[in-house]
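1. Have a look at this fold, sequence not included:
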């Protein structure tokens, strides 16, 4: 059996130093490489930035007060914490994070992962809680020329689209009129508890209904959550003759999730299949998933940002094209291969040299014993 001699210490230390030098060489030789679908991702991010600017300019023209403390990027997409149409709690940090236009690139990645092709139909469920993420989905869909079937509810969580006179449906309609997106909701419910505004004041419910009516969108108004879910499934199934290839949920709309607990059971992101669980109530997202339709669930923005290495609540907002979703640092394969080869040769040389020296030592010992 080969046992390294004491004299091999010098060789081992030399190998260690050389290996560290080669590692430093390989590490410093990393190259930046464009990710797959770079062109589409960049186009979607640029479009999202443009859409956000149009909304911001419109708000400024209307003389709307922008809270620069809660909306440091002055986007006009961060609403007040409490209004008559605020449906539930919401985190300001999440809303600020969602403003990053590069989220549109993340959605492109999800769409591509699904294997969608031009003209494919996608069912979409929006609330007013994350208007920027809604725009991210619209941007990615337009760049990939997808066909969307959107059902919204303008009720919004804290710091979302909580202005009763400028709800998510007003934003969507403005962007449609400006020719930014070819999409509009085919129907809308109020949102909130039971998807019919339970928990809101009577005036709050009326404000939401007015928002739906002034944007000329069919109102879904049922007595219970499950009845609303059933009605929305009818819209999704009858609006397009083509088969729905994907379902996208943005926010915590109960008619989509079925219950707020389901939103926690299903992680944010893309799912080809959802976990097999005893879901308390089944919203449209669960029903589509159980039909074998892949889903994209966008609710926990912190996780989505972390997984895609996007900044949390960035100020200022990053420009389109910034982030690992576009560019990835990769090791230079040539340098790595040369380093590996050098190390292999050096290790082999040390072993052979040391083994040979050990044989010489054994012969010396034998001769010494014979002389004695």
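-> Arrived safely, thanks for sending. Quick caveat: nothing in here was measured; it's all calculated off a predicted structure.
2. Could you check how many residues crowd around the spatially closest residue to residue 196 that is not a sequence neighbour?
-> Sequence neighbours aside, residue 190 is the residue nearest to residue 196 in space, at 5.7 Å (criterion: Cβ to Cβ, 6 or more residues apart in numbering). Where C-beta positions appear, they are placed from N, C-alpha and C, glycine not excepted. Other residues within reach of residue 190, judged by other Cβ atoms under 10 Å, total 28.
3. Is it correct that residue 190 is in contact with residue 209?
-> Yes - the pair formed by residue 190 and residue 209 meets the contact definition of Cβ atoms under 8 Å, at 6.5 Å.
4. With adjacent residues omitted, what lies nearest to the most centrally placed residue in the chain?
-> Against the mean C-alpha coordinate of the chain, by Cα atoms, centre = their mean, the closest residue is residue 304 at 4.4 Å. Closest residue to residue 304 in three dimensions, ignoring its sequence neighbours and counting by Cβ to Cβ, 6+ apart: residue 268, at 5.3 Å.
5. The closest residue to residue 321 other than its chain neighbours: what secondary structure?
-> In space, not counting the residues next to it along the chain, residue 321 is nearest to residue 42; the distance is 5.1 Å by Cβ to Cβ, 6+ apart. With DSSP: H, G, I helix; E, B strand; the rest coil as the basis, residue 42 sits in helix.
6. ok, now which ones touch residue 42?
-> If a contact means Cβ atoms under 8 Å, 6 or more residues apart in numbering, then residue 42 has 105, 320, 321, 326 as its contacts.
7. Overlap of the contact sets of residue 190 and residue 209?
-> residue 221.
8. quick revisit: what pLDDT does the residue nearest to residue 321 get?
-> In this model, residue 42 is scored at 98, pLDDT.
9. Also the one 10 residues further on?
-> Predicted confidence (pLDDT) for residue 52: 98.
10. distance of it from residue 296?
-> Shown here: residue 52 relative to residue 296, a distance of 21 Å by Cβ to Cβ, to the nearest Å.
11. where does the stretch 1-150 of the chain dip in pLDDT?
-> 1-8 (pLDDT under 70).
12. Which stretches in it count as helices?
-> Along the stretch 1-150 of the chain, the segments classed as helices by DSSP state H, counting those that start in this stretch run 9-28, 38-61, 92-97, 103-114, 131-143.
13. Kindly report the same for the stretch 201-350 of the chain.
-> Listed in chain order, the helices found in the stretch 201-350 of the chain under DSSP H, counting those that start in this stretch are 202-214, 225-239, 254-257, 260-265, 284-290, 301-307, 333-371.
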